[in-house]
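J.: This is the structure alone, sequence omitted:
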Ligand SMILES: [Zn+2]
């Protein structure tokens, strides 16, 4: 794709409070510890790692093939970063299975897959359909946010109106997802992806509560996830 949009998620960027009522991230934030609890699949490495020059800055790193359930993807870690591949996989396997398609998208062609760097200029992660860059302490909710960017950009590639419709959904639903998301529609979408992941982990009731609180976003995010359901 021609347009590469790097989107950073700052460390500790979540907002508190809000004039317009309770933000969705506050309402559902308590589900955070449930992320990954219901996932039975365990991720593993396939074969040995190989030395590579990583896409961001050409720094030296090591790339592995990894498998999680039926999903195959790449994992790349910058040399010298104190993160074992098994530790990275332990985080990634907490992703909702429906979000694993994001790992596949960033592993296409010459992409690095889930890529861990020593430093991302202060950000915890950057996600686009061309890369998923993270620092060692990026937790699964950060990965869920970045998966939001990856899957949105993939959807936009075939349907350029995705973000325009999302803006309409924000206006119609009249509720904030998070202060970070309030900045711009594509961040609102990524933040909704994160909250939706929390509610998936929380179970049917939490999902229905989210649907009732933000019905237009809910329907549009499920449409973006739909190709993953077919995989
Ligand atoms: Zn973002």
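T.: Looks like it came in fine. Just so it is clear, the model here is predicted, and its values are computed rather than measured.

J.: Which strand runs longest in this protein?
T.: strand 43-53 (DSSP state E).

J.: so how far is that one off the chain centroid?
T.: Centroid separation for strand 43-53 versus its chain: 22 Å, with C-alpha atoms, centre = their mean, to the nearest Å.

J.: show me where the protein has strands.
T.: Under DSSP E, the chain gives strands at 8-10, 43-53, 60-68, 71-78, 114-117, 123-128, 131-135.

J.: rewinding a little: packing partners of the longest strand of the chain?
T.: Applying 3 or more C-beta pairs under 8 Å, 6 or more residues apart in numbering; DSSP states H and E, we find strand 43-53 packed against strand 60-68, strand 71-78, helix 85-92. (Glycine included, C-beta is placed from N, CA and C.)

J.: Just list the residues touching residue 95, thanks.
T.: Shown in contact with residue 95 (C-beta atoms under 8 Å, 6 or more residues apart in numbering): 36, 39, 102-103, 140, 143-144, 147, 197.

J.: Recalculate using a threshold of 7 Å.
T.: Counting by C-beta atoms under 7 Å, 6 or more residues apart in numbering, residue 95 makes contact with 140, 143-144, 147.

J.: Among these, name the ones in helices.
T.: Per DSSP state H, helices hold the following members of the contacts of residue 95: 140, 143-144, 147.

J.: Can you flag the buried ones in those?
T.: 140, 143-144, 147 (16 or more other C-beta atoms under 10 Å).

J.: Dump these to CSV, plus distance to residue 209 and pLDDT.
T.: Shown next, in CSV, are those (distance: C-beta to C-beta, whole Å; pLDDT from 0 to 100):
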residue, distance to residue 209, pLDDT
140, 21, 96
143, 23, 98
144, 18, 98
147, 21, 98
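
J.: now, among those, which is nearest to residue 211?
T.: residue 144 (17.7 Å; C-beta to C-beta).

J.: just to revisit the earlier point, would you mind saying which of the helices and strands packed on strand 43-53 lies nearest the ion?
T.: helix 85-92 (17.4 Å; C-beta to the ion).

J.: buried ones in that closest one?
T.: 85, 88-89, 91-92.

J.: Equivalent analysis for stretch 140-160, please.
T.: By 16+ other C-beta under 10 Å, the buried positions in stretch 140-160 come out as 140-156.

J.: Good, we can wrap up now.
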